Every structure is written in C-alpha cells, then in structure tokens.
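> show me how the following folds:
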Amino acid sequence: MAMLPFIAAGCGGRPAQEPDPMPVMIAVVEPGDITSTIVVPCRLEGAEEAVLSVAVPAAVTSVLVSEGDRVMAGDVLLTLETDGMLTAGMSTAAARVSAARAAREYAAGNLARAEALYESGALSESGIESARASDASAQATLGLARVGYQQAASEAALGQVRAPFSGTVTRVWARPGNPAAGNLVALSGGEVFEASLSFAPCRLRDLHAGQPVFFETTIHPGELFDGVVTAVSPSVDPVSGLACCTAQFSDNAGRLRPGISGTATVALVTETETIVVSQSAMERLPDVGWRVAVIEDGRCRFRTVETGLQEGFDWQILSGLHEGDSLVVFGINALTEGCRITEAAE
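Residues are numbered from 1 along each chain as shown. Next up, the predicted model:
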C-alpha cells in the first residue's frame, strides 16, 4: 500500500501542451456602403429613331449614305427625281393640313362649350374628359399633317431626303434607279440609347423609374456608361415568364452605337454606414445561416450573423458583428471555438 502514492505520481503525466496559435488574416470592422444590384444582358437601340419615306411615288437618283454612317441634322441622305408627282404630293399634303385645321377648330369650339357646361354643373366628368380627348386628338392630327406638308414641300423644292436629327444610319433600303416606294432610310439618334432589360418577376417590387443603371461592353473594356431606368412594365411576359424594364444611356462622346451588346447593372438599394463583410470571411451553417470568427483575448469566438443586402461576394451584416471587432477575414474554415489565433504576417 505504501507504494501507491509513488505509482500514482509516476503515472500522472503532464497536461497536454496547447497547440501554437493559428495564424490568420485579421481586419478591424469598419462601416461602409453596399448596393444591391441585378446584372442582365442587353442590346442597345437608338432612343430616337425615324424611318424615312416619301409621300408620293418617285425615283431614287442617288444614295449618299451607308449603314453605320454618322450624319448631322439636315444632311442630305438621298436624292429623288423631281417632277410633277412631287408637286402633286405637296398639294395632297396641303389639303390634309386644311382638313386637320378645320377639325381642330371644331374640336376646340366643342371643348369651350363643354367647359362652360361643366362649370355650371350641366355636364358630367366623363363628358368634359371626352371633349378634352377629342381636342387633344385633333391637335395631334394637325401637327402630323403640318409635318407631312413640310416634308412634301422639301421634296418638291429640292428632291432631297434630309436627316431630321443627328444620329447613325441603321438601315438603307433605297437603291439608285429604283422607285422611292416604302421605307428608304432608317436613322437612330446618336446621343441617347435604349435597352430592354428582362429579369425575374420577384424583382418587380425592387425596380422603379429613376434608378441608376450602368452599361458595360467588351467593345470598350473597363468603361461604364451611366444610365437610368425610364419605365418598368407591371406585367410578366407569358412566354418567357420574365418581367421587363426600359433603361436609357447617354453618350456624348459618340462611343456607343445601336446594336452593341453588353450587360446592364441596375442599382436597386444602397445602404450607407453599415457593416459589410466579404463572403470569404463567412462560413455557411447547416441550418441555412452564416457565422464569422472574431478574436477575443487572443482566442477564436464564433458568432452567428444576420445578413441583409448582397453585392457580388459582399454581404451586409445586420446583427452579430460590430464596429471595432477584430474579424478573421481569411482562414475561418481551419478554426475551432476557443483556439488560440494570431495575425499572420503579410
């Protein structure tokens, strides 16, 4: 029995030596900004487009432009054979202006009478709205007739088709010697472009007119062209199952062209002065969540975090992490709760 203490002392080994501190990359948490985005492929079209034609039959004598040419407002695009047919076309256009002016005067008189009746309570809301719509329609018809007359007069005097605005020639159907029937030249505005963007219907609640958009194309690598969402369709396409919005981009430098393909990035929501963490500093949990590792007294402490917005591989952290925390930004997968950690040398 006297030997037992000796045996016990001999068998009780030293405590296991704790492993050396695990070197990891560390960063102090600071507030930042994050923007939720969607990225979709798209193709640019001219926001201002015109398909030019002549009002009466004529013959094309020369075509002065080709597809892709840049033209200025007033440039001659093609010339026509000037004869009596063009004069007759101007007479027809003048008759249309006269008829449209008479219809406009009649609609304006009706509107004046309807407004008087409406003020006295003798006319319903629907009645005054109908009179206003008829007057607006007559005014628009008169405007179109005047434009038609101006075009016919220009053709009759000069036998020329000119660019109504500065832009790019996108299609040329006219050929010298052929009749000038149907479409002759298509022209697209050169400074403003449109793109139709398709996206998942769940994004409808996040999209609205006025949101910023950025266009990027491999033709100009590394450059971003600013734009804005101009309209959002409230319905979903029954064939593709996608929703759609329209975006416009400006390019005063003339680097963009109709038909260029690229990607559009729509900035949905921006949060400022918030905690933002790269996904490389996070570990996914089995129950569909995330955790991060921080240093407390030289040891690893895991924290479950609640995420918010996502931008690429960056996440907004809503809870579980605070400004000033020492965050393990790389190497979290090799750590265990409570293990010693130290900052790795750069």
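> only C-alpha atoms from now on, for both contacts and neighbour counts.
Noted.
> what sits closest to the most centrally placed residue in the chain if chain neighbours are left out?
Computing the C-alpha centroid of the chain and ranking residues by C-alpha atoms, centre = their mean puts Ala247 first, at 3.7 Å. With C-alpha to C-alpha, 6 or more residues apart in numbering as the criterion, Ala247 has its nearest non-adjacent residue at 4.3 Å, and that residue is Val229.
> give the contact list for Thr265.
Residues near Thr265 by C-alpha atoms under 8 Å, 6 or more residues apart in numbering: Thr37, Ile38, Val39, Val40, Val213, Phe214, Phe215.
> need those residues in a markdown table with pLDDT, can you?
Below are the contacts of Thr265 laid out as a markdown table (pLDDT from 0 to 100):
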| residue | pLDDT |
| --- | --- |
| Thr37 | 87 |
| Ile38 | 88 |
| Val39 | 91 |
| Val40 | 92 |
| Val213 | 93 |
| Phe214 | 93 |
| Phe215 | 95 |
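> between the residues you listed, which has the most around it?
Phe215 (25 neighbours; other C-alpha atoms under 10 Å).
> shaky segments in the stretch 101-250 of the chain?
Applying pLDDT under 70 to the stretch 101-250 of the chain flags residues 145, 148-158, 190.
> and the host helix or strand of Cys42, what does it pack onto?
Taking DSSP states H and E as the criterion, the element that holds Cys42 is strand 31-43. With contacts taken as 3 or more C-alpha pairs under 8 Å, 6 or more residues apart in numbering; DSSP states H and E, strand 31-43 sits against strand 192-199, strand 261-278, strand 299-311, strand 314-319.
> shouldn't Trp290 be in contact with Val305?
Yes - counting by C-alpha atoms under 8 Å, Trp290 touches Val305, with 5.8 Å between them.
> which residues does the closest residue to Ala174 other than its chain neighbours contact?
Distances taken as C-alpha to C-alpha, 6+ apart place Leu184 nearest to Ala174, at 4.8 Å, with adjacent residues excluded. The contact partners of Leu184, by C-alpha under 8 Å, 6+ apart, come to Val51, Leu52, Ser53, Val172, Trp173, Ala174.
> now do 7 Å
For Leu184, the contact set (C-alpha atoms under 7 Å, 6 or more residues apart in numbering) comprises Leu52, Ser53, Val172, Trp173, Ala174.
> and the nearest residue to Glu49 once chain neighbours are set aside, what element?
Spatial nearest neighbour of Glu49, excluding adjacent residues (C-alpha to C-alpha, 6+ apart): Ser188 at 4.4 Å. Element membership for Ser188 (DSSP H and E) is strand 185-189.
> also Thr170?
Assignment of secondary structure by DSSP H and E places Thr170 within strand 167-172.
> swap in Glu18?
Counting by DSSP H and E, no helix or strand carries Glu18.
> burial check on it, number of neighbours?
By other C-alpha under 10 Å, the residues close to Glu18 number 8.
> for it, give its distance to Pro31.
Computed as C-alpha to C-alpha, to the nearest Å, the Glu18 to Pro31 distance reads 36 Å.
> and what of Arg175?
Remark: distance between Arg175 and Pro31 (C-alpha to C-alpha) = 64 Å.
> same thing with Ser53?
60 Å.
> one step back: and the contacts of Leu184, which are buried?
Neighbour counting with 16 or more other C-alpha atoms under 10 Å marks Leu52, Ser53, Val172, Ala174 as buried within those.
> with secondary structure and distance to Arg340 added, can I get those in CSV?
CSV is the format used below for these (DSSP: H, G, I helix; E, B strand; the rest coil; distance: C-alpha to C-alpha, whole Å):
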residue, secondary structure, distance to Arg340
Leu52, strand, 77
Ser53, coil, 80
Val172, strand, 74
Ala174, coil, 80
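> can I get the residues you listed in JSON lines including distance to Met22?
Formatted as JSON lines, the buried ones among the contacts of Leu184 follow (distance: C-alpha to C-alpha, whole Å):
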{"residue": "Leu52", "distance to Met22": "73"}
{"residue": "Ser53", "distance to Met22": "77"}
{"residue": "Val172", "distance to Met22": "70"}
{"residue": "Ala174", "distance to Met22": "76"}
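> and the residues you listed, which is closest to Cys339?
Lowest distance from Cys339 to those (C-alpha to C-alpha) belongs to Val172, with 73.5 Å.
> tell me who's in contact with the closest residue to the closest one other than its chain neighbours.
In this structure, Val172 finds its nearest non-sequential neighbour in Val185, 4.6 Å apart by C-alpha to C-alpha, 6+ apart. Counting by C-alpha under 7 Å, 6+ apart, Val185 touches Val51, Leu52, Arg171, Val172, Trp173, Ala174.
> make JSON lines from those residues and add distance to Ala243 to it.
Below are the contacts of Val185 laid out as JSON lines (distance: C-alpha to C-alpha, whole Å):
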{"residue": "Val51", "distance to Ala243": "29"}
{"residue": "Leu52", "distance to Ala243": "32"}
{"residue": "Arg171", "distance to Ala243": "30"}
{"residue": "Val172", "distance to Ala243": "33"}
{"residue": "Trp173", "distance to Ala243": "34"}
{"residue": "Ala174", "distance to Ala243": "38"}
